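>>> Let's see this in three dimensions:
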Amino acid sequence: MTGSETNAEASAAYYDDANVAEFYRLFWGGSDIHIGRYDSGDESIADASAAMTRYLIGLAGLDEGDKVLDIACGYGGTLRMLAHMGCKPNGIDISSVCVDEARRANAEQGLADRIDAVVGDFHDIPVEADSWDAVICQDSLIHSTDRPRVFSEVFRVLRPGGIFAFSDIMTAEGADLELVNQAFERLGVKGGATPRDYKDMAVAAGFQVTHAEERPADIRTHYDKLAEQLAGSDTGLAAETAKKIAASIGRWQKALHGGHITWACFIARKPG
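Model prediction:
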């Protein structure tokens, strides 16, 4: 299956776009591109994003010395958090822009010799089988049109007993797919996959799912904060770009507040 058939090429083009990259850099905190954890609702997007990473790492039970592969590492915030914990993290991402920024930030924090980040496709993970203690993927499977292949690849590269910690933006049970697809349009993807579907895909790949948790309030808060920033007088974006993204965020808010889009995280274990 080619990159176009898995949506990999379209995903790379999306994140490599200069306007998109600027939006994520300015509005999502600069270290991560995933949904944050909002316990009070007063957290900044950057702080909430870091909190969600810590939460997922905690659920996975990762510890010093663990070899951890982030298969959609974005700007590398998770890699750096893992390195500071004493783990041995590497990352791949479909976007060369994201990988370049991850490498720059890694070097800035003196971590270039402890973290390797490369351009790579999670449909064909460029590592040997049975070689990682854990794999992480945050809010990126949404971009794939062949998610079972990703689950199979993760299963292949994990050692027996290894952990797959993943989260994603998903379609809620009983959702209006038209509203979901209107929101997802900016990403170039379609809705339909629910948390139950993700669990079933993990199990079909051979995993034992040990934790599954929906947190729709977090993603609602996250997009409300994005909308609030975009409504400001000085967004830092070109006027036309800000207008288009604000309209897209409005569609997300409509679907989110109607209960049609959700967010969930999972911990899955490879038997052994």
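>>> C-alpha from now on. contacts and neighbour counts both.
Will do.
>>> Tell me which stretches of the stretch 1-150 of the chain form helices.
3-6, 8-16, 18-27, 45-60, 77-85, 96-108, 147-157 (DSSP state H, counting those that start in this stretch).
>>> Could I get the average pLDDT for stretch 113-125?
Mean pLDDT, stretch 113-125: 97.
>>> Tell me how far it lies from the chain's centre.
Distance, stretch centre to chain centre, for stretch 113-125: 15 Å (Cα atoms, centre = their mean, to the nearest Å).
>>> and the helix or strand harbouring residue 170, what other elements does it pack with?
Using DSSP states H and E, residue 170 sits in strand 158-171. Applying 3 or more Cα pairs under 8 Å, 6 or more residues apart in numbering; DSSP states H and E, one finds that strand 158-171 makes contact with helix 45-60, strand 132-138, strand 261-269.
>>> for the longest one, the distance to its chain's centre please.
Between the centre of helix 45-60 and the centre of its chain there are 12 Å (Cα atoms, centre = their mean).
>>> same check, this time on the second one
Distance of strand 132-138 from its chain centroid, counting by Cα atoms, centre = their mean, is 12 Å.
>>> picking that back up, which of the helices of the stretch 1-150 of the chain sits closest to residue 241?
helix 18-27 (6.9 Å; Cα to Cα).
>>> Could you tell me the angle between the closest one and helix 96-108?
40 degrees (axes from the mean of the first three to the mean of the last three Cα atoms, to 10 degrees).
>>> can you list contacts of helix 18-27?
Under the contact criterion Cα atoms under 8 Å, 6 or more residues apart in numbering, helix 18-27 has outside partners 14, 15, 30, 31, 33, 45, 97, 226, 229, 236, 237, 241.
>>> By neighbour count, which of those residues wins?
residue 45 (25 neighbours; other Cα atoms under 10 Å).
>>> TSV please, covering the helices of the stretch 1-150 of the chain and showing distance to residue 193 and mean pLDDT.
Output for the helices of the stretch 1-150 of the chain, formatted as TSV (distance: least, Cα to Cα, whole Å; pLDDT from 0 to 100):
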stretch	distance to residue 193	mean pLDDT
helix 3-6	15	76
helix 8-16	18	95
helix 18-27	24	93
helix 45-60	21	97
helix 77-85	25	98
helix 96-108	26	97
helix 147-157	10	98
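>>> Now distance to residue 166 too, for those helices, in a markdown table please.
Formatted as a markdown table, those follow (distance: least, Cα to Cα, whole Å):
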| stretch | distance to residue 166 |
| --- | --- |
| helix 3-6 | 19 |
| helix 8-16 | 18 |
| helix 18-27 | 20 |
| helix 45-60 | 8 |
| helix 77-85 | 12 |
| helix 96-108 | 19 |
| helix 147-157 | 10 |
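>>> Would you mind telling me which of those helices is nearest residue 124?
helix 147-157 (6.7 Å).
>>> Kindly calculate the angle that that closest one makes with strand 132-138.
Going by the same axes, to 10 degrees, helix 147-157 makes 150 degrees with strand 132-138.
>>> Return the angle between stretch directions for helix 147-157 and strand 261-269.
Angle, helix 147-157 to strand 261-269, by the same axes, to 10 degrees: 30 degrees.
>>> Just checking the distance from helix 147-157 to the centre of its chain.
That offset, for helix 147-157, works out to 16 Å (Cα atoms, centre = their mean).
>>> Residue 198 - how many residues pack around it?
23.
>>> list the contacts for it?
Contacts of residue 198 (Cα under 8 Å, 6+ apart): none.
>>> okay, whichever helix or strand it is part of in CSV with CA atoms only?
Assigned by DSSP H and E, residue 198 belongs to helix 195-204. Extracted C-alpha coordinates of helix 195-204, given in CSV (Å, rounded to 0.1, in the frame of the first residue of the first chain):
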residue,chain,number,x,y,z
PRO,A,195,-13.4,4.4,20.8
ARG,A,196,-14.9,0.9,20.6
ASP,A,197,-13.5,0.6,17.0
TYR,A,198,-10.0,1.5,18.3
LYS,A,199,-10.2,-1.1,21.0
ASP,A,200,-11.3,-3.7,18.5
MET,A,201,-8.4,-2.8,16.2
ALA,A,202,-6.0,-3.2,19.0
VAL,A,203,-7.4,-6.6,20.1
ALA,A,204,-7.4,-7.8,16.4
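>>> I appreciate the help and will end here.
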